[in-house]
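Participant: structure of the sequence below:
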Amino acid sequence: MLIDLMASAGWLWGLTGVLLATFSNLGIVKQFIQFIPYIYLFFFIEFLIFTYGIIHSIKFLYNKEKEYDNFIKESITKRHHQQKRLVRKLKLEVFNKTKKLVMINKKLRHSLENLKKAQNQLVKSQRLITTGTLLSGIAHEIKNPLNFMRGYNEVIKDIIKQLQEYSFNDSEYLRILNNLEFVSKKIEYGITRIDNLVNHFRKFLHPEEVNITRIDVIYCIESALLSFPQNYLKEVHIERFYENIPAIRGNTHVLKQAFINIFMNSLQAMNYQGVLQISVTYFINQILVTICDTGKGIPKELQKKIFEPFFSTKQDSISTGLGLPIAEIIIKQHHGELFLLKSDHKGTCFQIILKIT
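Facilitator: I've put the predicted structure just below:
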């Protein structure tokens, strides 16, 4: 500020000197003529001071402009950082809300799946109740005439034994006796089939209470295989993959029946010839039993129905459609799960998961 005042005063003083010099030349103020050299000197000095003031002002303005530019840059940088923080905050909020939405969606899907399972179970239960009521009456009505048939067939067998004691050489007599014996065996076979069918109905409708002990799953599997007649397994190659597994709580006889039903399903699918793979592994407090065959497989549109009572893919009169449903009930009694692992043109695999309790 002082320099600015000095510059202004210098300019005024210099201007005054110029005016005096001009007036002196014109002869207006001759008495000041002796001061003219000094006035020029002062004018020169003030010119230097003014120039310095101008340079200083320019420098001052330059510094102010630089400070203003720095201030603008700092403001822009600060705002940029604020915007980045805001963007990060918004991204975090979007991420958290998206995560919550994904979790909610996952829970909804899980609830929907549980609801569908409960609905299917309810439909299945209603169907079983209706079917069970009907079958209870049918089984009772079948059992009574079945006992009569069994009793009369025993009488026929006694008559055949008595007739065989007589040594007649008449060919007609021997032919009638042989035919009678053949008919008796057929009747006995039919009675046994009907009796087994009724027992299947009863087991399915009224699962028996099991005596729970510590049992060996591999022993149940091997016992089930030994239950089949030799001709059933004659052309079947059995591949076993067994790990050391702990015992579980259950009933050997009942669990063995479940394996028999599953093995029978596999053998019939292969037409009693092919490869039967049995794998037993232990994983995180669970025993995994995988049973695979090399049959034709189950059509995709029928796979959801295989555990429904009386459903069968076999086009014969032997299958009751109760083998797998009964096996499923038994596995559930042993705190396990039975499900279809895969099925295609190369074969079918079932898996059983048994929890160690």
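
Participant: max-length helix in the protein?
Facilitator: Counting by DSSP state H, the longest helix found in the chain is helix 36-165.

Participant: does anything pack onto it? Which helices or strands?
Facilitator: Judged by 3 or more CB pairs under 8 Å, 6 or more residues apart in numbering; DSSP states H and E, the packing partners of helix 36-165 are helix 2-25, helix 171-205. Any C-beta I mention is one placed from the backbone N, CA and C, and that applies to glycine too.

Participant: which SSE is immediately downstream of the strand or helix carrying Glu222?
Facilitator: For Glu222, the element it lies in under DSSP states H and E is helix 217-226. Once helix 217-226 ends, the next helix or strand along the chain (criterion: DSSP H and E) is helix 230-233.

Participant: about what we covered before: neighbouring contacts of the helix holding Glu222?
Facilitator: Contacts to helix 217-226, defined as CB atoms under 8 Å, 6 or more residues apart in numbering, come from residues 233, 238, 242, 245, 247-248, 252, 255-257, 259-260, 263, 278, 280, 287, 289, 354.

Participant: report the distance from it to the chain centre.
Facilitator: Relative to the centre of its chain, helix 217-226 is centred 32 Å away, using CA atoms, centre = their mean, to the nearest Å.

Participant: coming back round to it: out of the helices and strands packed on helix 36-165, name the one with the poorest average pLDDT.
Facilitator: The minimum mean pLDDT among the helices and strands packed on helix 36-165 belongs to helix 2-25 (a mean of 55).

Participant: and Ile287, what are its phi and psi?
Facilitator: When read as degrees, to the nearest 10, the backbone of Ile287 gives phi -110, psi 130.

Participant: how about it: what's its closest non-neighbour residue?
Facilitator: Leaving aside its sequence neighbours, Ile287 sits nearest to Leu354 (CB to CB, 6 or more residues apart in numbering; 4.4 Å).

Participant: and the host helix or strand of that neighbour, what's buried?
Facilitator: Using DSSP H and E, Leu354 maps to strand 347-355. Residues of strand 347-355 classed as buried by neighbour count (16 or more other CB atoms under 10 Å): 347-354.

Participant: ok, stretch 282-294 next?
Facilitator: Under 16+ other CB under 10 Å, the buried positions of stretch 282-294 are 287-294.

Participant: pLDDT for those residues - can I get that in TSV?
Facilitator: Shown next, in TSV, are the buried residues of stretch 282-294 (pLDDT from 0 to 100):
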residue	pLDDT
Ile287	94
Leu288	95
Val289	95
Thr290	95
Ile291	95
Cys292	95
Asp293	94
Thr294	93
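
Participant: just those now: which is nearest Lys107?
Facilitator: Leu288 (28.1 Å; CB to CB).

Participant: in a strand, that closest one, correct?
Facilitator: Yes. Counting by DSSP: H, G, I helix; E, B strand; the rest coil, Leu288 is found in a strand.

Participant: so it sits against Thr281, correct?
Facilitator: Yes. Using CB atoms under 8 Å, Leu288 is in contact with Thr281, at 4.9 Å.

Participant: anything in contact with each of the two?
Facilitator: By CB under 8 Å, 6+ apart, no residue touches both Leu288 and Thr281.

Participant: tell me the SS of Asn211?
Facilitator: coil.

Participant: what do you get for Val275?
Facilitator: strand.

Participant: in terms of pLDDT, where does the nearest residue in space to Thr294 that is not next to it in sequence sit?
Facilitator: The spatially closest residue to Thr294, leaving aside those adjacent along the chain, is Gly274, at 3.9 Å (CB to CB, 6+ apart). With respect to pLDDT, Gly274 has a value of 92.

Participant: Gly274 touches Glu239, doesn't it?
Facilitator: No. At 11.0 Å, Gly274 does not count as touching Glu239 under the criterion of CB under 8 Å.

Participant: of these two, who's got more company?
Facilitator: Gly274 (16 against 10; other CB atoms under 10 Å).

Participant: beta partners for the more buried one?
Facilitator: Val236 (DSSP bridges).

Participant: need the contact list for it.
Facilitator: Counting by CB under 8 Å, 6+ apart, Gly274 touches 235-237, 293-295, 347.

Participant: just curious, which of the residues you listed is nearest to Leu86?
Facilitator: Gly347 (60.5 Å).

Participant: need phi/psi at the residue nearest to the closest one when sequence neighbours are not counted.
Facilitator: In this structure, Gly347 finds its nearest non-sequential neighbour in Thr294, 4.4 Å apart by CB to CB, 6+ apart. When read as degrees, to the nearest 10, the backbone of Thr294 gives phi -110, psi 40.

Participant: gap between Thr294 and Lys342?
Facilitator: Counting by CB to CB, to the nearest Å, the gap from Thr294 to Lys342 is 13 Å.

Participant: Ile104 too?
Facilitator: To Lys342, Ile104 is 32 Å away according to CB to CB.

Participant: look at the two and report which has more neighbours.
Facilitator: Legend: neighbour count by other CB under 10 Å for Ile104 and Lys342, higher for Lys342 (14 against 10).
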